[in-house]
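S.K.: What follows is a predicted protein model with its sequence.
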Amino acid sequence: MHDKSALIEARIERFVRERITPAMYRETAQVDIATWDVPDEPVPFAHAREATYRPFAVGEQWGAPWGTTWLHVTGEIPASWDQKGTRPELVVNLSFSTATPGFQAEAIAYSPNGDIIKSLEPLNTYVPLGAAGTAVDLFLEAAANPNVAGNFTFAPTAHGDKATAGKDPLYRLRRLELGLLDVEVWELLQDVWSLGGLMRTLPATLPRRAEIMYALDRMVDAIDPDDIAGTAGAGRAELAGVLAQPAYASAHQLAAVGHAHIDSAWLWPVRETVRKVARTFSNVLALMEEDPDFVFAASSAQQYLWLKEHYPALFERVKAQAHAGRFVPVGGMWVESDTNMPGGEALARQFIHGKRFFMEEFGIEPLEVWLPDSFGYSAALPQIVAAAGSKWFLTQKISWNETNRMPHHTFLWEGIDGTRIFTHFPPVDTYMSELSASELALAQSQYAEKGMAKTSLVPFGWGDGGGGPTREMLAAAARTKDLEGSPQVTLSSPRQFFEKAEAEYSHPPVWTGEMYLELHRGTYTSQANTKLGNRRSEHLLREAELWATTASVLGDDEYPYAALETAWRTVLLQQFHDILPGSSIAWVHQEAERQYAEVAETLNGLIGASLSSIAGAGDVEFAFNAGPFPLDGVPALGGASATATVACESRRDGDDVVLENTLVRVRVDSRGVIVSLFDIVAGRELVPAGAAANVLQLFRDLPNQWDAWDIDESYKQDGQDLLDVVSVTSQGDAVRVEREFGTSRVVQLITLSATTASVDITTTVDWHEREKLLKLSFPLDVHADRAASEIQFGHLYRPTHANTSWDSARFETVAHRWVQVGEPGYGVSVANDSIYGHDIRRSEMADGATATVVRLSLLRAPLFPDPECDQGVHTFVVSIRAGAGIPEAVEEGYRLNLPLRTIRGSGAPAPLIAVDKPGVVVEAVKLADDRSGDVIVRLYEAHGSRTSTTLSTEFGWTSVTETDLLERAIDQSAVSSNTESTVSLSLRPFQLVTLRFSR
């Protein structure tokens, strides 16, 4: 038999494209259109309804960038449309492109009384209407969101900043009319889409492929091109047989979960996300009315809160479907946050605030963590997830790795403390599937657990910019429920999937440590002001809660529950995985910085008021220490009389400046770099011979793609040490270094700590480079084969070599307040006050010896999506501590980030809480969220070793209980005994413990 498959398939494709698809609407009819352009920011429906509209027509331009245009659509459905097998619809094309749904113009349809019907998106272009002969009266709120992404060529654009986006119309109304949907033709198109897609995924050698092809060929023969409506049924009859063939007994099982990944901000501002949530959720609710089996999962309590605040009627409809089990809140987090950079307490609060919202509003506690798109996953996360009462974890992003593939799709993920969480990584490699045959086949072929298990999850629905599932996707799910050659697709909730996956795979493999994303390494550095705002806010929140609790418990001050909740929620929103990582448009980061400033003002006010109450009236200066370790004579979590300290003396030695105290001696040469850092106590030089530390290095930063996201390893091929100086001067107990390069200027102040063997370097950069990376380098004469980096509630070790492809891919890594490198018996820490990006490697020095080089990434200057990223003045503080093991590194991190506060008063009471072992760190002291007045203390083991400690209190309490993060009692694992004012604790390495003291 001759092979004519290519010709047959071409015949089928053209007939579908040119004959069947245009026949989906039997008839069309015109409507009357009037328009009103909102002068500035979006307005509520009630405002828009009363506006003055002008006549408008298809073909006219509309919508300045970020503008809103309301369209009032009126008309009448023809009486002749009362035809069997049809459905009247409003059909809209705002100037849609199907290439990037969710990144462009969108609209939402309202009834005249303000009820939301559904939205209009590039691949969801209809609004259902009433019966034939009835009137049409609709309002469409059309958002002229510019397509900042373009085709993801990463070209600079002015559209990301409202001030530079321009006023010229972006779009042209291409279609707005009534259409009579032919349901049978639409169903035929869905048959063809599913079968044709399946055919193309099957090998040519399989009989099944030929069966489908010839059935489609017969379908073409059965349909009269001049009477598509009348013969579509005959065409479907030709396909019925191949659609009815059941799946193979060994077919992969796919749990299809309706989903819409909605970035809380990214290439659009937060205010637009509010509307995207409403548009997406209204689409979902409309689909639920059509398909009783459809289940939809949505994360992010913040997005539900926006809906409640801005669209209360729509929120109540969501709530009703949530109670019915069809609209499923997932994730249990405030937003889908980044997990690399948020501090431990902040990441805990993501779950506390997220879960509490879902439990209070819906009576539902999500048990699965849903983070499909965050840029890597901290090794601290399993313990935090378990401490929040959750059981399962889902991500998809690791499929973006550019070097290595994860070996598992279903596995146990073990964190730094040994906690394990059942984890799934969907092999479909997308969080916004359309349930195409190629996607389903990919999931089946890539599934790593074949032979051991057979179930994976596929999230379906348009995402990033929202949109969600469509009726076409539900049709695809129905056709692939039991279809020969295809995996079996079942509509499911996340919980149903996880319960089934756990049951069928009782002994999954274990992945230990972080899930490092081998991509988007630049997100540890881009948008330095946003990262500074996060770090400062996290520590201000710690201070505000500690001092407010102290003032409330010891002095009966009113605890500022509402102000603290608002501040926390603001900070948690900014930790979204495209805000804190620095990968959003300028508008988003400008708003983040403004909100961080407001948070700082609020919290500094709360802190000042609490400390004034604690210190009382008086004129004696006291210092208060919110850190967990004593600092300059002030006890941890308490206060004491302020005392002046002398850090060091400075002197000239030829062209060099020398700083020295009893612990260290530093020599700064005429180039402004450190050529000697001598540990006096250990009698040891830390700067390798012939090398220099505190060297600023400038690199060309031109990633292959994803400008704000990526640092490519090729940056190392084009860099220079910045050694030219304007001046090096001695200023009291400091050395001041000034240098200029390109169009930028740097001033550094080098000082010694008064109480530790630390060199503090304050670097102020007036940065005006483009597509450059600025690093600060410290070669250290220690033989370290691994480096410790602080993460949430502990630290993580990473190799300093590149023996394997996994090691090599970690050429840029994240750390919080400190990193530490060492050899047996000796180490050095490098701490910072707002930096996250690091690279630490063994390197060969000029004399042939090897040293450990620690570099911190200070600034970048990508041009997309914000062409002004990081331009301006930035200040960083870095501390190098000689002779530092892990305990000293932990102390340094808190010292730099929680400076003492001074206030005048009459006294400083003893700390509310104290522990007697430095390895146990008190991370939070607050009042219970239920407003009972109980005191909550959260602490963790920080050194990575088992330890016992006694916690003592300066307030009365009746009982102490171990709780989860939501302050619910759990079985005791750390408390061994207690007296009326002490608690004895035994902690495993990195164990996180929350204690509730009932008062």
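M.R.: Nice, I can see it. Residues are numbered from 1 along each chain as shown.

S.K.: any chance you could map the strands in the stretch 651-800 of the chain?
M.R.: Assigned by DSSP state E, counting those that start in this stretch, the strands in the stretch 651-800 of the chain fall at 656-660, 664-668, 674-679, 684-685, 695-700, 719-721, 727-731, 734-741, 744-752, 758-767, 772-780, 786-791, 794-799.

S.K.: Partner strands of the first one and their direction?
M.R.: The strands that strand 656-660 pairs with in its sheet are strand 649-653 (antiparallel), strand 664-668 (antiparallel) (by DSSP bridges).

S.K.: Which of the ones you listed sits closest to T430?
M.R.: strand 664-668 (52.8 Å; C-beta to C-beta). No exception for glycine: its C-beta is placed from N, CA and C like everyone else's.

S.K.: Looking at the closest one now, give me its mean pLDDT.
M.R.: If you average the pLDDT over strand 664-668, you get 98.

S.K.: neighbouring contacts of it?
M.R.: Residues from elsewhere that reach strand 664-668 (C-beta atoms under 8 Å, 6 or more residues apart in numbering): 653, 656-660, 674-680, 694, 728, 735, 737, 750, 752, 757-759, 882.

S.K.: so which of the strands paired with strand 656-660 comes closest to D557?
M.R.: Closest among these, once you apply C-beta to C-beta, is strand 664-668, at 42.5 Å.

S.K.: Please compute how far that closest one lies from its chain's middle.
M.R.: 42 Å (C-alpha atoms, centre = their mean, to the nearest Å).

S.K.: Output it as CSV, nothing but the C-alphas.
M.R.: C-alpha atoms of strand 664-668 as CSV (Å, rounded to 0.1, in the frame of the first residue of the first chain):
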residue,chain,number,x,y,z
VAL,A,664,42.7,42.3,64.2
ARG,A,665,45.0,44.5,62.2
VAL,A,666,44.0,45.7,58.7
ARG,A,667,46.3,47.3,56.1
VAL,A,668,44.7,49.3,53.3
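
S.K.: Please identify the most buried of the strands paired with strand 656-660.
M.R.: Mean neighbour count (mean count of other C-beta atoms under 10 Å) peaks for strand 664-668 among the strands paired with strand 656-660, with a mean of 24.

S.K.: returning to what we had before: spell out for me the PyMOL command that would select the buried members of the contacts of strand 664-668.
M.R.: This is how PyMOL selects the buried members of the contacts of strand 664-668, with burial counted by 16 or more other C-beta atoms under 10 Å:
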select buried, resi 656+657+658+659+660+674+675+676+677+678+679+694+728+735+737+750+752+757+758+759+882
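
S.K.: Make JSON lines out of the strands paired with strand 656-660 and add distance to L951.
M.R.: Listed next are those as JSON lines, based on distance: least, C-beta to C-beta, whole Å:
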{"stretch": "strand 649-653", "distance to L951": "41"}
{"stretch": "strand 664-668", "distance to L951": "34"}
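
S.K.: For G233, find the nearest of those.
M.R.: strand 664-668 (86.8 Å).

S.K.: Between the strands paired with strand 656-660, which one is closest to G389.
M.R.: Of all these, strand 664-668 comes closest under C-beta to C-beta, at 46.9 Å.

S.K.: what helices or strands is the longest helix anywhere in the chain leaning on?
M.R.: Longest helix in the chain, counting residues (DSSP state H): helix 586-615. Packing contacts for helix 586-615, counted by 3 or more C-beta pairs under 8 Å, 6 or more residues apart in numbering; DSSP states H and E, involve helix 528-555, helix 561-574, strand 620-625, strand 901-905.

S.K.: Pull out the buried residues from the helix or strand that the third one is followed by.
M.R.: The C-terminal neighbour of strand 620-625 among helices and strands, as given by DSSP states H and E, is strand 638-641. Neighbour counts using 16+ other C-beta under 10 Å place G638, G639, A640 of strand 638-641 among the buried residues.

S.K.: re the thing from before, nearest to G376, out of the strands paired with strand 656-660?
M.R.: The nearest among the strands paired with strand 656-660, by C-beta to C-beta, is strand 664-668 at 35.5 Å.

S.K.: Any idea which helix or strand in the chain has the lowest mean pLDDT?
M.R.: strand 649-653 (a mean of 88; mean pLDDT, DSSP states H and E).

S.K.: Run through who's touching the strand or helix carrying L896.
M.R.: L896 belongs to helix 886-897 when elements are defined using DSSP H and E. Outside helix 886-897, the residues that touch it by C-beta under 8 Å, 6+ apart are 535, 539, 627-629, 631, 753, 756, 758, 760, 788, 790, 795, 816-820, 827, 829, 831-833, 877, 879, 881, 884, 918-919, 921, 942-944.

S.K.: OK, contacts around the residue nearest to the spatial centre of the chain?
M.R.: Centroid check for the chain by C-alpha atoms, centre = their mean gives H577 as the closest residue, at 2.0 Å. For H577, the contact set (C-beta under 8 Å, 6+ apart) comprises D263, V335, E336, S337, D338, L371, D373, S374, F375.

S.K.: What is the most widely separated pair among those residues?
M.R.: V335 and F375 (14.0 Å).

S.K.: Show me what M515 bridges to in the sheet.
M.R.: Y377.

S.K.: do I913 as well
M.R.: Residues in beta-bridge contact with I913 (DSSP bridges): T953.

S.K.: Now do the contacts for it.
M.R.: Taking C-beta under 8 Å, 6+ apart, one finds L637, V922, V925, V937, L951, S952, T953, E954 in contact with I913.

S.K.: ok, now how distant is the first one from Q717?
M.R.: L637 is 49 Å from Q717, where distance means C-beta to C-beta, to the nearest Å.

S.K.: same thing with the fifth one?
M.R.: Using C-beta to C-beta, L951 is found at 53 Å from Q717.

S.K.: Closest one to L381 out of the contacts of H577, please.
M.R.: L371 (8.7 Å).

S.K.: hang on, the earlier thing: how far away from the center of its chain is the least confident helix or strand of the chain?
M.R.: Taking mean C-alpha positions (C-alpha atoms, centre = their mean), strand 649-653 and its chain are 48 Å apart.

S.K.: can you check stretch 831-848 too?
M.R.: 27 Å.

S.K.: Can you give me the buried ones in that stretch?
M.R.: A831, N832, D833, S834, I835, Y836, G837, H838, D839, I840, R841, R842.

S.K.: can you give me the angle the helix holding L896 makes with strand 786-791?
M.R.: 40 degrees (axes from the mean of the first three to the mean of the last three C-alpha atoms, to 10 degrees).

S.K.: Please tell me I have it right and A234 contacts D221.
M.R.: No: counting by C-beta atoms under 8 Å, A234 sits too far from D221 to count as a contact (9.4 Å).

S.K.: Pick out whichever of those two has more residues nearby.
M.R.: A234 (15 against 12; other C-beta atoms under 10 Å).

S.K.: So for that one, what's the pLDDT?
M.R.: For A234, pLDDT reads 98.

S.K.: ok, for it, nearest residue in space, not its chain neighbours?
M.R.: Nearest residue to A234, sequence neighbours excluded (C-beta to C-beta, 6 or more residues apart in numbering): A222, at 4.3 Å.

S.K.: Give the burial count for the one you found, as a bare number.
M.R.: A222, neighbours per other C-beta under 10 Å, totals 16.

S.K.: who's in contact with it?
M.R.: T231, A234, G235, A237, E238.
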